[in-house]
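In: using only what follows, build the 3D model:
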Amino acid sequence: MNITPEIHLRPRLPWFRQSCPSLLAHGTTDSPLSTRTMKPNPLLALLTAACALVGCPASAAEGAPPASTETAPQRDARLAWWREARFGMFVHWGLYSGLAGTWDGKSVGQTGGMEWIQQRVGADTDTYTKAAIPLFKPTPGFATEWARLAKAAGCRYLVFTTKHHDGFALHDSKVSDFDAGSVLQRDLVKELVAACRAEGLRVGFYHSVIDWHHDQYEYARSKQLPHPLKGKPYPNGTRDHAKYLDYLFGEVNELVSNYGPVDILWWDYSAQDFQGQEAWRAFDLLKLVRAKQPGITMNNRLFRSPEAGWKSMGTDGYAARLDAIYGDFVTPEQHIPDTGMPGVDWETCMTLNTTWGYSDHDQAWKSDATLIRNLVDIASKGGNYLLNIGPKGDGSVPEPSVKALAAIGAWMRVNGESIYGTSANPFEKLAWGRCTQKRLPDGNTRLYLHVFDWPADGQLVLPPLTNRVMKASLLADGKTLAVAGTDPRIRVSLPAAAPDKVVSVIALDLAGPLPAAARR
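Out: Down below sits the predicted model:
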């Protein structure tokens, strides 16, 4: 990466300097950013030195797909916690949250992503920020509320937006004025990291490589990526995307350098016509992050190609393939793969209603039963579930989200062992529900039978098994259940009523490991 003292890194805020000077008292200068270049400062020298150490090239042409130096056992060890966790909380929160799906006094829509409200109304960055910033007022303690909510729901990690497509960063950045430090005199990332760690949660940063605010981001280079001014000429004339990339590297360097261990970096996102090294100097970005955070887990969204787990654009465009040089896991969005992705790490991200960012107008909430069964379905196929909340502009979580997460948490307190640390269903299909499996310390195997449809005749019939059955019991109360059958189908005798109306779980212990064909 080439960062020199004369590169213009900071996005423009001309209206904000004129209209809201009191909010820019923190870490800013008086001269308009749109008419000057950065003055020499020690931070830029440090960033330049850091990038020299990790080998960031000055241009995309110098980058090439690197050969992975990580062995399979090393990768397994690095990903072990993530594979065990199975359930995380996603949080979309930023300037758009205060707008709440409303623009100029009118609803933008009843459904769909309101974190994209700037693009949906076609607002330029000055118009958008002038409307949004006064409505974004995080209250003290919001971060603790989120972390406690995630922990009580049974989540093992929390991934939150450090910057969405609108370009507003939630940390206190030294390479931008369009950030929480400059506007709010707060480092919201620092607050969230501290709160997550206090609750024992792993920490993940969502970071958008798209940027609708930065005045050197060349949005016209992609016909597939969104932008509020798509199809229109650059309002400031010719742009230099390399300068935007320097800015991107600068902010990412801050995030992976200043907040202690970071467990996940969740990139978003690329297009088939603009991706990877050409668009983001992606291999250099991955190298920078891994140099600072060697234990980190990263998704595949710096790329949009078959070898990186993509077959097309759209939320259903994922593919069951991933070369490790492109990331650690594939990211189906709002979809659960029909048969999972054997041999590939994956994580379904999904909303509680239909929007990622908060909206006053979206009441299409998923039922508690749907959410719990989604969690079970995903775990039974060997994946992780990243379930999103969209807090309001003050950081408070909508009551339907709180209630839904409480319901999941109540179920997980009884049945969590059937989710955490499990692997995929060994059976091709089960008419009555789903199954997960776990290798026990003594070398035996436990199947967790998740019953969606309680049998009217009280007999739960399993596909053929060659392993000897040792014991069957309900997780809800530990009651031992009778097991019969040698044909080799197994029948478990159940009580008349299901202990849980959504999903009841039976632990079935088998002697020894399952045959290799049944382990996924």
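In: ok, Lys163 touching Ile210?
Out: No - the pair Lys163 / Ile210 is not scored as a contact, 9.5 Å apart, by C-beta atoms under 8 Å. C-beta: built from backbone N, CA, C; applies to glycine.
In: who has more neighbours out of those two?
Out: Neighbour totals were compared for Lys163 and Ile210, and Lys163 leads with 29 against 25 (other C-beta atoms under 10 Å).
In: pull the contacting residues for that one.
Out: Gly94, Ala169, Leu170, His207, Ser208, Asp211, Glu251 (C-beta atoms under 8 Å, 6 or more residues apart in numbering).
In: also Trp93?
Out: Taking C-beta under 8 Å, 6+ apart as the test, what Trp93 contacts is Phe160, Thr161, Leu170, Gly357, Tyr358, Gly390, Pro391, Gly395.
In: just the contacts of Lys163 now: which is nearest Arg156?
Out: Among the contacts of Lys163, His207 lies closest to Arg156 (C-beta to C-beta), at 20.7 Å.
In: what's the neighbour count on the residue nearest to Ala407 when sequence neighbours are not counted?
Out: Residue nearest to Ala407 in three dimensions, not counting chain neighbours: Asp368, with 3.9 Å by C-beta to C-beta, 6 or more residues apart in numbering. Number of residues near Asp368 (other C-beta under 10 Å) recorded here: 18.
In: show me the contacts for Asp368.
Out: Taking C-beta under 8 Å, 6+ apart, one finds Lys403, Ala404, Ala407, Ile408, Val502 in contact with Asp368.
In: shaky segments in the stretch 201-350 of the chain?
Out: Low-confidence segments of the stretch 201-350 of the chain, defined by pLDDT under 70, are absent.
In: try it again at 90.
Out: Residue ranges of the stretch 201-350 of the chain with pLDDT under 90: 315.
In: for the chain, same thing?
Out: 1-69, 315, 428-429, 464-466, 485-489, 515-520.
In: let's go with 80 and repeat that
Out: Of all residues in the chain, those with pLDDT under 80 make up the ranges 1-68, 485-488, 516-520.
In: now the helices for it?
Out: 14-19, 42-54, 72-85, 95-99, 117-121, 125-132, 142-153, 180-184, 188-198, 241-257, 276-280, 282-292, 368-380, 399-415 (DSSP state H).
In: which phi and psi does Ala320 have?
Out: Dihedral angles of Ala320 (phi, psi; degrees, to the nearest 10) stand at phi -80, psi 60.
In: is it true that it touches Pro337?
Out: Yes - look at Ala320 against Pro337 with C-beta under 8 Å: they come within range, at 7.0 Å.
In: need the residues touching each of those two.
Out: Trp346.
In: between these two, point out the one with more neighbours.
Out: Higher neighbour count among Ala320 and Pro337: Pro337, with 20 against 16, using other C-beta under 10 Å.
In: give the contact list for the more buried one.
Out: Tyr318, Ala320, Trp346, Thr348, Lys381, Gly383.
In: burial of the third one, as a residue count?
Out: When you say that, I think you mean Trp346. Using other C-beta under 10 Å, Trp346 is surrounded by 23 other residues.
In: and the last one, by the same measure?
Out: If you count neighbours by other C-beta under 10 Å, Gly383 ends up with 24.
In: how close does it sit to Gln437?
Out: In this structure, Gly383 and Gln437 are 14 Å apart, going by C-beta to C-beta, to the nearest Å.
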